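Student: 3D, please:
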Amino acid sequence: STMAAGRCWAVAAAVAFTAIFVAHVDCRPSHNPAPSNDTAGADPMYDSINVWPMPTNVSLLSDQAALGPHGVLAANVTVKLGPTCDSGVELAATEALALKTIFQGPTRTYNAPPYAAPDSYCPLSRRCGVALDCAAPFGQCFVPDNRRWNASHACSPSSAYGTPCGCCVSATLPKLTSLTVTCGKGSRTRHSQNNTHAAATSSYNASAPPPVPPPTPFDPSAASTGYTLDVTAEGGIVVSGVSPAGAAYGLSTLAQLLRWDAKADMHVMDFVPLHIEDQGLYDWRGMMVDTSRHFVPVQELLTLLDVMYAAKLNVLHWHMVDSPSFPFASAHYPELAKQGAWHDTAAVYTPQDVAAVKQHAALRFVAVVVEIDTPAHTLAVAKSHPEWMADCWQWMATSRYKVDVDSDDCMALDPTQPGARTMVADLLAEIAAIDNDDSPWVHIGGDEVKYPCWNSSAGIRAHVAGTYGNLSTAAFARLQAEWTANVSSAAVVRSGKVPVLWQPTAAGPGDAAWDGVLPPNAVYMVWLNADSAKAYAQAGMDVVYTTPFYVAGMGSNGWNHVYNAKVMPDGLTPEQQRHIRGAEVCIWGESFAGANLGVRAYQIGLGAAETFWRNHPSSPTPGAAAGLGTSDRYNRFLCHVHRYTTHSDVADPPPIMPSHCYVPSK
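Tutor: Residues are numbered from 1 along each chain as shown. All right, here's what the predicted structure looks like:
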């Protein structure tokens, strides 16, 4: 048996069970996992399964137990959802059976495992090259339509020199006719699916599932992601999640395993029987989108959530406002968007828009973490409230402190102004109250405060000198820490949420201005250096790591860079490792807008999804025409994503190698 190492490891025993040999596995959570001996991409089984992110354990059954491919006709499938499954699971089951994606890679004749290679779930006695190879009662040499050589020959000429490429099956493929889903101890309450996107993806002809409850309080723990997936001829398809989220992730895996075969005119499960045990590695598997520097329409954010679900990402960090624009149309401060947005109606997010995004996120088991970045990155606020800004306009005009596409982000709020303090507290409370997804976090920003700006304001200088005794850098740092503790963080805590902030100092913990200022459960988003991620964890502070996951400027091989990036620092004890909550891909908006969402977020960013889900070995930089291993599996996943971008107005994720992708519903 071959097993992909990740959070789970083999217990070194294979036990016979009805003539099927299965590797027993231990899938308990571990922040100190064993070194990986993953062979994904080299093993025929993994080459054929093509799931992204690859499950942590796929059991290889004995050749004698293999039954060959089975068809799945959605109209004939009985769907049974357990009583604790919710509307997100219902939607996931619907899509797994209904949505179609047709992928075809280039013909491969070298070092390419054929469909019916050893351990491919086709019995040795039934491997074939042409129909004449198949004895009764098998009359068809089956090869997936995307692997056939041509209309008359299933196998390429090179098959004469190796294993026959097909599997003998009956003239009509045997069928799997049931899908059973259980959701553990779920307690989510079901949100209405009254948005057009959800409705458009949820119609199919299978028996209507029974009414089910809708979402639980969001559970960010990786332990909640566990599931098993079993496929047998007798029992059909069974997905068992430890929670609704786990069940939904099992259905996400199933959706990739169900390959639409245009020639057979149905979905095909190529491997029966099949057993998968899987669980995510990190709690926070995120993606950040900047909607201030370029406005991203709500529909594109909804589509992004669909794609994140497919990749098992679970946190959308919405960097909503910044210096270039203030698109949040606050009910309490409407003037901020009216004056500060790119356009006061066409480029704003109303509270109803935010609620709609959060509601759809709940269906996709994604927490939305909205960021209101203060006290810096607030120039857009000055358009409606210049009286709340630091009086450093002359300094900005003459200092050339930071001259680049964001030179204006040197401006900051005046932390001594009562109006500024009240406004920020009110905005954060307003965001926290839009709670359709039960997200436990609100992001308070906190990065890149330019102390020379504050030091050039006579009023702020007087306050700092009088309060902290001098005008040193440390004194201004204490002013920023006071603002963070008593204004932004305090507002989030009063709202019952956990504050998230960009690390305020490059050194991490040990800065007298910051130590002990914030709540012990605050989450530090590390972006300046890897050493500080380790230092925060050693000090018992929670970390989300972003440093190697900034995708701006990466080319088409950027996916490989984020795939190979390391999340867990070396030298941490198991207890300290628990404070590395996860990581996120950051898509800053200087050169990003809806038009290149398909490149930055999908083609590049989704490469990190497997790194956030499981341990894996490094992947070599792929060649332009590579067609093997990890690159090929990722390219197939990018095609799979097209089924979710059907409703998008922007480009689909582009491929990373030669292939053809088609979604029949488009």
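Student: buried residues in stretch 554-562?
Tutor: By 16 or more other CB atoms under 10 Å, the buried positions in stretch 554-562 come out as 554, 557-562. In this view, the C-beta of every residue, glycine as well, is placed from N, C-alpha and C.
Student: Farthest pair within these?
Tutor: Taking CB to CB as the measure, those span a maximum distance of 10.3 Å, between Asn557 and Val562.
Student: now the buried residues of stretch 554-562 as CSV including distance to Asp570?
Tutor: Putting these into CSV (distance: CB to CB, whole Å) gives the following:
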residue, distance to Asp570
Met554, 25
Asn557, 26
Gly558, 24
Trp559, 24
Asn560, 22
His561, 20
Val562, 19
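Student: which among those gets closest to Thr101?
Tutor: Trp559 (18.7 Å).
Student: Which secondary structure element is home to that closest one?
Tutor: Assigned by DSSP states H and E, Trp559 belongs to helix 558-564.
Student: So which residues make contact with that helix?
Tutor: Outside helix 558-564, the residues that touch it by CB atoms under 8 Å, 6 or more residues apart in numbering are 548-549, 551, 554, 585, 603-608, 610-611, 618-619, 621-622, 630-631, 634, 656.
Student: closest to Trp388 among the buried residues of stretch 554-562?
Tutor: Once CB to CB is applied, the member of the buried residues of stretch 554-562 that ends up nearest Trp388 is Met554, at 37.4 Å.
Student: so that closest one sits in a strand?
Tutor: No. Per DSSP: H, G, I helix; E, B strand; the rest coil, Met554 lies outside any strand segment and is coil.
Student: Just name the closest of the buried residues of stretch 554-562 to Arg400, please.
Tutor: Met554 (28.9 Å).
Student: which SS state does the nearest residue to that closest one once chain neighbours are set aside fall under?
Tutor: Ranked by CB to CB, 6 or more residues apart in numbering and with sequence neighbours excluded, the top spatial neighbour of Met554 is Ile604, at 5.3 Å. When classified by three-state DSSP, Ile604 comes out as helix.
Student: One more: Cys141?
Tutor: strand.
Student: for Ala465, what are its contacts?
Tutor: Contacts of Ala465 (CB under 8 Å, 6+ apart): 471, 475.
Student: can you tell me the helix or strand for it?
Tutor: In the assignment (DSSP H and E), Ala465 maps to helix 458-468.
Student: chain center to that helix, what's the gap?
Tutor: Relative to the centre of its chain, helix 458-468 is centred 45 Å away, using CA atoms, centre = their mean, to the nearest Å.
Student: Okay, buried residues for it please.
Tutor: For helix 458-468, burial by neighbour count (16+ other CB under 10 Å) applies to 460, 463-464, 468.
Student: Mind putting these into JSON lines with pLDDT and distance to Leu302?
Tutor: Below are the buried residues of helix 458-468 laid out as JSON lines (pLDDT from 0 to 100; distance: CB to CB, whole Å):
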{"residue": "Ile460", "pLDDT": "97", "distance to Leu302": "42"}
{"residue": "His463", "pLDDT": "98", "distance to Leu302": "44"}
{"residue": "Val464", "pLDDT": "98", "distance to Leu302": "45"}
{"residue": "Tyr468", "pLDDT": "96", "distance to Leu302": "47"}
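Student: farthest-separated two in those residues?
Tutor: The span of those, defined through CB to CB, is set by Ile460 and Tyr468 at 11.4 Å.
Student: Between those two, which contacts overlap?
Tutor: Counting by CB under 8 Å, 6+ apart, the residues touching both Ile460 and Tyr468 are Leu479.
Student: pull the longest helix from the chain.
Tutor: Ranked by number of residues, the top helix in the chain under DSSP state H is helix 418-433.
Student: Show me what the following helix or strand past it is packed against.
Tutor: Downstream of helix 418-433, the next assigned helix or strand under DSSP H and E is strand 441-445. In terms of contacts (3 or more CB pairs under 8 Å, 6 or more residues apart in numbering; DSSP states H and E), strand 441-445 is packed against strand 367-374, helix 418-433, helix 489-494, strand 498-502.
Student: For the closest residue to Trp388 other than its chain neighbours, grab the count of nearby residues.
Tutor: The shortest distance from Trp388 to any non-neighbouring residue, by CB to CB, 6+ apart, is to Ala420 (3.9 Å). The number of residues packed near Ala420 is 24, by other CB atoms under 10 Å.
Student: show me what contacts Ala420?
Tutor: Neighbouring residues of Ala420 by CB under 8 Å, 6+ apart: 375, 385, 388-389, 413-414.
Student: Tell me which of the helices and strands packed on strand 441-445 is the most buried.
Tutor: Each of those was scored by mean neighbour count; the highest is strand 367-374, a mean of 25, by mean count of other CB atoms under 10 Å.
Student: mind checking which helix or strand Ser252 is in?
Tutor: Element membership of Ser252 [criterion: DSSP H and E] is helix 244-257.
Student: Going by neighbour count, list what's buried in the helix or strand following that helix.
Tutor: Going down the chain from helix 244-257, the next helix or strand is strand 258-261, by DSSP H and E. With burial defined by 16+ other CB under 10 Å, the residues of strand 258-261 counted as buried are 258-261.
Student: Can you tell me which of those is closest to Met320?
Tutor: Distance to Met320 across the buried residues of strand 258-261 (CB to CB) is lowest for Leu258, with 36.5 Å.
Student: Excluding chain neighbours, what is closest to that closest one?
Tutor: Distance criterion CB to CB, 6+ apart; nearest residue to Leu258, sequence neighbours excluded, is His267 at 4.2 Å.
Student: give me phi/psi at the one you found?
Tutor: With angles defined as degrees, to the nearest 10, His267 sits at phi -70, psi 150.
Student: Surely it and Ala74 touch.
Tutor: Yes. At 7.3 Å, His267 and Ala74 qualify as touching, with contact defined as CB atoms under 8 Å.
Student: Overlap in contacts, those two.
Tutor: In contact with both His267 and Ala74: Leu97, using CB under 8 Å, 6+ apart.
Student: who's more crowded, these two?
Tutor: Neighbours of His267 and Ala74, each counted by other CB under 10 Å, are more numerous for His267; the result is 24 against 19.
Student: And that one, how close does it get to Val544?
Tutor: With distances taken as CB to CB, to the nearest Å, His267 is found 37 Å from Val544.
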